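> Generate a structure from the sequence data that follows.
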Amino acid sequence: MANRTEILEQINLYKNNGQDIIRRKYLLELNNETGNDTILYASAFPCNIPGVAGTALSIGINDIQGFMTCLNGLHGEKLDLIIHSPGGSLEAAEQLVQYLRDKYSYIRAIIPQNAMSAATMIACACDEIVMGRQSAIGPIDPQITMMRPNGISYTLPAHSILSDFEKAKKEISEDPNAAQVWVPKLLEISTGFLNLCEKTIELSKSKVAEWLDTYMFKDSQDKKGKEIAEWLGNFEYHKTHGRPINYKLAREKGLRITLLEDNQELQDKVLSVFHSTLVTFDVAPCVKIIENHLGKGSYGVVQQQIIPTLHK
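I've put the predicted structure just below:
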């Protein structure tokens, strides 16, 4: 396994695009090790680059274009999907799952560090999840985008929005003066928005339950999809949207988890890909990579605070 310092030294041997050469080399080595089609889907997460919106790092509907580029020319029946993502759009995750499952009979989600929220949902649509001792998935409570009166948008977990609304009703009923605090916040909630939150929460749980039973538990008489989906979507249990769930807890709750450390060769290849990806984010103006083992992909690039999608 090459660590980040060693990878940076390798990159410095090249005058131009060394980070791409080294990252692709390790992706191809991973493919040679497993024999499976291999796709890297990673964001510069967490990211503190000025001017970079969180949506540039998130799972979005435009990512389907990157996956279309990656799948072009791949002919295997099995896929290793390396995921490092904070999550994003439920609808985009659903479309990605539909697209990938239409092509591959077996998908293995490999999580070298974090696959949170909607990225956890994608992992649950796979036949197997590979995690390291340091890896984490997260609760699937969906994020909802809201718009302030000044036109600035922001996202919050749907559960938080519903919880705040119930808290406001309770406090105002007990003390009408509390309305002075709550009314400005409640005015930001448009008609039908609370119903949207409820339906989105229902959809996230139902899709995860469906995917788990269809793929991960397809050969099992004991369908655990609904039970696991309810647990992953239980905001009161997890408390925060970004709470990490390690491999032990995920396995204890019934998910089919393989420990990365159980296969030393696989671990070395996966972590070399991951470390070279992190170095790419450090040395290049790039915040998202969707790339296959043949070096074809889509890249979210930062240029003057604009995030275009470039296809190779």
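> Please count neighbours and contacts with C-alpha atoms only from this point.
OK.
> how's this structure carved up into domains?
Using automatic domain parsing, the domain ranges for the chain come out as 4-138+244-311, 142-215.
> Strands of this structure, start to end?
For the chain, the strands defined by DSSP state E cover 37-43, 78-84, 106-111, 114-115, 128-131, 136-137, 143-147, 153-157, 257-259, 286-292, 297-301, 309-311.
> lowest-confidence stretch among these?
With a mean of 45, strand 309-311 has the lowest mean pLDDT of those.
> Val52: how many residues sit nearby?
17 (other C-alpha atoms under 10 Å).
> isn't it right next to Val302, touching?
Yes. Using C-alpha atoms under 8 Å, Val52 makes contact with Val302 at a distance of 7.5 Å.
> just for the stretch 51-200 of the chain, where's the confidence low?
51, 53, 148-149, 152-153 (pLDDT under 70).
> hmm, try it at 80
The model of the stretch 51-200 of the chain has pLDDT under 80 over residues 51-55, 143-156, 188, 190-191.
> thinking again about what came up before, looking at the domains of the chain, which one is packed in the most?
domain 4-138+244-311 (a mean of 19; mean count of other C-alpha atoms under 10 Å).
> returning to that earlier point: and the domains of the chain as a markdown table, adding distance to Glu236?
Shown next, in a markdown table, are the domains of the chain (distance: least, C-alpha to C-alpha, whole Å):
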| stretch | distance to Glu236 |
| --- | --- |
| domain 4-138+244-311 | 14 |
| domain 142-215 | 9 |
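> Return the distance of Ile161 relative to Ala250.
27 Å (C-alpha to C-alpha, to the nearest Å).
> Please apply the same query to Met116.
13 Å.
> same thing with Gly233?
13 Å.
> All the helices of the stretch 51-200 of the chain, residue numbers only.
63-71, 90-103, 118-124, 158-174, 179-186, 193-211 (DSSP state H, counting those that start in this stretch).
> Turn those into TSV, columns for distance to Asn292.
Listed next are these as TSV, based on distance: least, C-alpha to C-alpha, whole Å:
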stretch	distance to Asn292
helix 63-71	5
helix 90-103	13
helix 118-124	17
helix 158-174	33
helix 179-186	45
helix 193-211	24
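> Which one of the ones you listed lies nearest to Ile257?
Of all the helices of the stretch 51-200 of the chain, the one in closest proximity to Ile257, counting by C-alpha to C-alpha, is helix 118-124 (10.5 Å).
> Who are the packing partners of the closest one?
On a contact count with 3 or more C-alpha pairs under 8 Å, 6 or more residues apart in numbering; DSSP states H and E, helix 118-124 meets helix 90-103, helix 193-211.
> Any idea which of those gets closest to Met131?
Nearest of those (C-alpha to C-alpha): helix 193-211, 18.6 Å.
> which residues are in contact with that closest one?
Here helix 193-211 makes contact (C-alpha atoms under 8 Å, 6 or more residues apart in numbering) with 90, 121, 124-126, 140-142, 144, 158-159, 161-162, 224-230, 233.
> Ok, stretch 218-238 next?
138-141, 159, 201, 204-206, 208-213, 217, 241, 253-255.
> Which residues in that stretch does the neighbour count mark as buried?
223-226, 228-235, 238 (16 or more other C-alpha atoms under 10 Å).
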